[in-house]
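Colleague: Pasting the sequence and the predicted model now:
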Amino acid sequence: MIKVCYSELDGPEGLSLRLEAAGHAGYAPAGQDIVCAGASTLMQALVYLLAGEESARSDAWDEPEGPRLAVAAQAPVAPWVQGAFELAKAGFTLLAERYPDNLRFADVSRSGQQSMMDLQLFAEGEAAPALSPAQTRQAVAAGTLKPEATAAQPEAPQQTPAEPEKQPETPAQPERPMLPPLPLPVQNTVHSLHARWAAEEAAMRRSQPGFDLKAELKNPEMRRLMQLPGMRMQDAYRLAHYDESLHRAAQAVEQGVVQRIQQRAARPAENGIRPGGAATVHPDVASMTRAQREALERRVLHGAQIEL
């Protein structure tokens, strides 16, 4: 386990800061331990940030329990230096929360929270715990632990899955028997019938652009007529739609009668059929010819009364 401790020393010139990490994480074999990699990155980043700062120094020791690295900054401490330590503290806090079996972090400074202090942090005699099955699976999934390394880990007892409830079996549908092929003469008759229907359908579409034989055969009457021997498609169509044709013819006749009545009403009335008497015309003697005058004389001799 890696043990990390942050402390502050209050002196006459201000606070002195110190962050120390020691031990092995024991999360996975060397080179595959992501907890060790995270802790090492945080400490090395802090060392590089404080490089060149006169008040800061770092030390490293190789001890039997594992490496130990300490970074310290003597008072007075610049605000950005204190910010660098706060960044490292935040990283170790997240690691300790995520991997409590592999890393512990304690803030023993005056500003540290009491809940973060661990009095057993540096207790002796602790050994790196073995990976739990959950940690092993997580390390393999993250690629930090090779699959063959999991063979040494104790396998968790596997729970026997409950047997699924047996569903009532659906009775199998009986297969339709294979029909024997039609005799060759019958096949030829069917083919010739289909060819004749295709030709008649093409002829029907020349006069009826929207004609569709498949749609027409949905009509029971059309289907019955097409089954009659020698029935032509055009005759079957006319008989099946006889009522519709008769209705259209009646509408056409009615429309023609109405149009003729409207046309007659629009013509000017002739003198013979105009209501009222005929127009009276008085002859003009001055414009008559001699023959016309002699004709009037003869009518007068026969007793006719003529107004001039």
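Modeller: Sure, I can see it.
Colleague: How about residue 217, nearest residue that isn't a chain neighbour?
Modeller: Leaving aside its chain neighbours, residue 217 sits nearest to residue 223 (5.1 Å; criterion: Cβ to Cβ, 6 or more residues apart in numbering). Heads up, the C-betas are built off the backbone N, CA and C, glycines and all.
Colleague: Tell me how this structure divides into domains.
Modeller: For the chain, automatic domain parsing gives the domain ranges 2-118+131-148, 184-244.
Colleague: Check those for me and report the most buried one.
Modeller: domain 2-118+131-148 (a mean of 16; mean count of other Cβ atoms under 10 Å).
Colleague: Can you give the distance from it to the centre of its chain?
Modeller: Relative to its parent chain, domain 2-118+131-148 has a centroid offset of 48 Å by Cα atoms, centre = their mean, to the nearest Å.
Colleague: for it, what is the average pLDDT?
Modeller: Across domain 2-118+131-148, pLDDT averages out at 81.
Colleague: picking up where we left off before, arrange the domains of the chain in TSV, one row each, with distance to residue 296 as further columns.
Modeller: Converted to TSV, the domains of the chain look like this (distance: least, Cβ to Cβ, whole Å):
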stretch	distance to residue 296
domain 2-118+131-148	137
domain 184-244	70
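Colleague: Surely the residue nearest to residue 217 is within a helix?
Modeller: Yes - according to DSSP: H, G, I helix; E, B strand; the rest coil, residue 223 belongs to a helix.
Colleague: Give me the pLDDT for it.
Modeller: As predicted, residue 223 sits at a pLDDT of 86.
Colleague: on that earlier part again, go through the domains of the chain and name the closest to residue 302.
Modeller: domain 184-244 (70.4 Å; Cβ to Cβ).
Colleague: end to end, how far does the closest one reach?
Modeller: 41 Å (Cα to Cα, to the nearest Å).
Colleague: What of stretch 170-187?
Modeller: End-to-end distance (Cα to Cα), stretch 170-187: 39 Å.
Colleague: what pLDDT, on average, does it get?
Modeller: 72.
Colleague: In three-state terms, label the closest residue to residue 27 other than its chain neighbours for me.
Modeller: In this structure, residue 27 finds its nearest non-sequential neighbour in residue 35, 4.2 Å apart by Cβ to Cβ, 6+ apart. Judged by three-state DSSP, the three-state class of residue 35 is helix.
Colleague: could you measure residue 35 against residue 19, distance?
Modeller: Going from residue 35 to residue 19 by Cβ to Cβ, to the nearest Å gives 17 Å.
Colleague: Spell out which residues sit in contact with residue 47, please.
Modeller: Residues near residue 47 by Cβ atoms under 8 Å, 6 or more residues apart in numbering: 58, 71.
Colleague: Could you say which helix or strand holds it?
Modeller: Using DSSP states H and E, residue 47 maps to helix 34-49.
Colleague: Quick one: list the elements packing against the next helix or strand after that helix.
Modeller: The helix or strand immediately downstream of helix 34-49 is strand 56-63, counting by DSSP H and E. Strand 56-63 is packed against strand 66-73, with contacts defined by 3 or more Cβ pairs under 8 Å, 6 or more residues apart in numbering; DSSP states H and E.
Colleague: elements contacting the strand it packs on?
Modeller: strand 14-22, helix 34-49, strand 56-63, helix 79-98.
Colleague: for the ones you listed, which one sits closest to residue 183?
Modeller: helix 34-49 (79.6 Å).
Colleague: any idea of the angle the closest one forms with strand 14-22?
Modeller: Here helix 34-49 runs at an angle of 150 degrees relative to strand 14-22 (axes from the mean of the first three to the mean of the last three Cα atoms, to 10 degrees).
Colleague: got the angle between helix 34-49 and strand 56-63?
Modeller: Using the same axes, to 10 degrees: helix 34-49 against strand 56-63 is 140 degrees.
Colleague: and the angle from helix 34-49 to helix 79-98?
Modeller: Helix 34-49 runs at 180 degrees relative to helix 79-98, counting by the same axes, to 10 degrees.
Colleague: quick one: secondary structure of residue 105?
Modeller: Put simply, residue 105 is strand when judged by three-state DSSP.
Colleague: got a list of what it touches?
Modeller: Contacts of residue 105 (Cβ under 8 Å, 6+ apart): 4-6, 89, 92-93, 95-96, 116.
Colleague: Dump those to CSV, plus distance to residue 102.
Modeller: Formatted as CSV, these follow (distance: Cβ to Cβ, whole Å):
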residue, distance to residue 102
4, 11
5, 16
6, 18
89, 18
92, 12
93, 14
95, 8
96, 9
116, 17
